[in-house]
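1. Predicted model follows, preceded by the sequence.
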Amino acid sequence: MVVVGVPRALLYYVYFPFWRRFFSELGVEVVLSAPTSEDFFIAGAKAVVDEVCAPVKIAMGHILSLAPHVDYVLVPRFVSVEPRTYICPKLMGLPDMIRHNGLKMPPLLAPDIDLSRGYLGLGQVLTETSRVLGKGWWESGRAFYRALPEVSRTRRQLMTGLTPEEAFHGTLRLHQPGRRLRIALLGHPYSIYDPLLSMNIIERLRSLDVDVVTAEMLPDEHIALGLARLQKKLFWTLSKMVLGAGLYFLHHDSEVEGIIVMSSFGCGLESLVGDMLERFARRQEFPMLHLTVDEHSAEAGLVTRLEAFVETVRGRTSHAHHLSPYGNAELGNASAP
């Protein structure tokens, strides 16, 4: 049986259930890399140029860990997943980085995914996949359409408050009784959900009696409602989702009491979106914390800032319950560089 390795990184946090079902329908075994470790990070950083962001370095570490155990490694070249909107350029170039790094690697399964081209783009994906795996085109097409419902099913699971890992692997999350703070955590999915890069920020917030809500937990129409406040369209899919969610939380969701934006150092798209959200939050005097992480981030520093922000939001919320709605202005915006 053919074995395909799937790195637990980058857009794994969006598309893994689809990939798992697709390969299962083709009779291909899927091997998933282990959760991110410090060793993965170090190995990946050594294998790529310094200029790439931490998520790409982590992805490279996952790919290297899979290499000895699989026939192929899945590294799609994501270009576009919707009309006139694109994925990060570094993700587009990742297959070339891997092929030219000089390390011994199994063949890549790296179809170009450019769905802005409609059926032509989809046909190219299926043709390339069929050629590499030695499967028939119609067989691949049938597997694709059988796997497609996994995308909407996963979205429904995430909207119940599960993280991708909880949704993908059947982990149930019990609802905590009593009133808890509700804080939005925004960032590219491979930043906020990776346990090492984010330093387990979601579990840390939950341990502080905080309900965490992310962009992936919002319906598409809520994202669109947030983006409607912009004068121009954003052309990057993941950043558009983060910005739309942030604007929705600021202007349409009164239950969110604070926003945390997590960016990877060196990511121009995330720094742009983070700055825009800070400006909107400052105008409304809404609590916001902007965290930037990379391979040198100190866990102690993050924990201190996180705890301080949560206590600020908790104090602000408690104070608001005893004042008129205008009593919140004095607290202003809690942002961090």
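-> Sure thing, it's come through.

2. Every contact and neighbour count from this point should use C-alpha atoms.
-> Noted.

3. Do you have the helices of this protein handy? List them.
-> Along the chain, the segments classed as helices by DSSP state H run 12-25, 38-47, 54-66, 89-99, 119-133, 137-147, 149-158, 164-168, 189-192, 201-207, 220-227, 237-251, 268-283, 299-320.

4. Can you give me the neighbour number for Tyr145?
-> Tyr145: 12 surrounding residues under other C-alpha atoms under 10 Å.

5. before we move on, the earlier item: how about the helices of the chain, which one is nearest Leu109?
-> Closest to Leu109 of the helices of the chain is helix 119-133 (C-alpha to C-alpha; 6.9 Å).

6. Show me the contact partners of that closest one.
-> Defining contact as C-alpha atoms under 8 Å, 6 or more residues apart in numbering, one finds that helix 119-133 is touched by Val2, Leu109, Pro111, Asp112, Ile113, Asp114, Leu115, Lys135, Gly136, Trp137, Ser140, Gly141.

7. hmm, back to that, want to throw the helices of the chain into JSON lines with distance to Leu291 and mean pLDDT?
-> Listed next are the helices of the chain as JSON lines, based on distance: least, C-alpha to C-alpha, whole Å; pLDDT from 0 to 100:
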{"stretch": "helix 12-25", "distance to Leu291": "20", "mean pLDDT": "95"}
{"stretch": "helix 38-47", "distance to Leu291": "19", "mean pLDDT": "93"}
{"stretch": "helix 54-66", "distance to Leu291": "14", "mean pLDDT": "95"}
{"stretch": "helix 89-99", "distance to Leu291": "21", "mean pLDDT": "88"}
{"stretch": "helix 119-133", "distance to Leu291": "37", "mean pLDDT": "85"}
{"stretch": "helix 137-147", "distance to Leu291": "36", "mean pLDDT": "92"}
{"stretch": "helix 149-158", "distance to Leu291": "23", "mean pLDDT": "94"}
{"stretch": "helix 164-168", "distance to Leu291": "21", "mean pLDDT": "95"}
{"stretch": "helix 189-192", "distance to Leu291": "11", "mean pLDDT": "94"}
{"stretch": "helix 201-207", "distance to Leu291": "11", "mean pLDDT": "94"}
{"stretch": "helix 220-227", "distance to Leu291": "22", "mean pLDDT": "95"}
{"stretch": "helix 237-251", "distance to Leu291": "14", "mean pLDDT": "94"}
{"stretch": "helix 268-283", "distance to Leu291": "9", "mean pLDDT": "85"}
{"stretch": "helix 299-320", "distance to Leu291": "8", "mean pLDDT": "85"}
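
8. would you turn the ones you listed into JSON lines with distance to Val213?
-> JSON lines is the format used below for the helices of the chain (distance: least, C-alpha to C-alpha, whole Å):
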{"stretch": "helix 12-25", "distance to Val213": "16"}
{"stretch": "helix 38-47", "distance to Val213": "27"}
{"stretch": "helix 54-66", "distance to Val213": "21"}
{"stretch": "helix 89-99", "distance to Val213": "26"}
{"stretch": "helix 119-133", "distance to Val213": "32"}
{"stretch": "helix 137-147", "distance to Val213": "27"}
{"stretch": "helix 149-158", "distance to Val213": "10"}
{"stretch": "helix 164-168", "distance to Val213": "12"}
{"stretch": "helix 189-192", "distance to Val213": "11"}
{"stretch": "helix 201-207", "distance to Val213": "9"}
{"stretch": "helix 220-227", "distance to Val213": "13"}
{"stretch": "helix 237-251", "distance to Val213": "10"}
{"stretch": "helix 268-283", "distance to Val213": "16"}
{"stretch": "helix 299-320", "distance to Val213": "14"}
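
9. roughly how far apart are the residue nearest the centre of the chain and Arg282?
-> Geometric centre of the chain, nearest residue: Pro189, 0.8 Å, by C-alpha atoms, centre = their mean. When distance is defined by C-alpha to C-alpha, to the nearest Å, Pro189 is 25 Å away from Arg282.

10. swap in Arg84?
-> In terms of C-alpha to C-alpha, Arg84 sits 31 Å off from Arg282.

11. Same question for Gly315.
-> From Gly315 to Arg282 the distance is 18 Å (C-alpha to C-alpha).

12. Same check on Pro106?
-> In terms of C-alpha to C-alpha, Pro106 sits 50 Å off from Arg282.

13. do Tyr12 as well
-> 34 Å.

14. who's more crowded, these two?
-> Higher neighbour count among Tyr12 and Arg282: Tyr12, with 19 against 16, using other C-alpha under 10 Å.

15. who's in contact with that one?
-> Val6.

16. switch to 7 Å and redo it
-> Residues counted as contacts of Tyr12 (C-alpha atoms under 7 Å, 6 or more residues apart in numbering): none.

17. domain parsing for this protein?
-> Structurally, the chain divides into domains by automatic domain parsing as follows: 3-154, 174-331.
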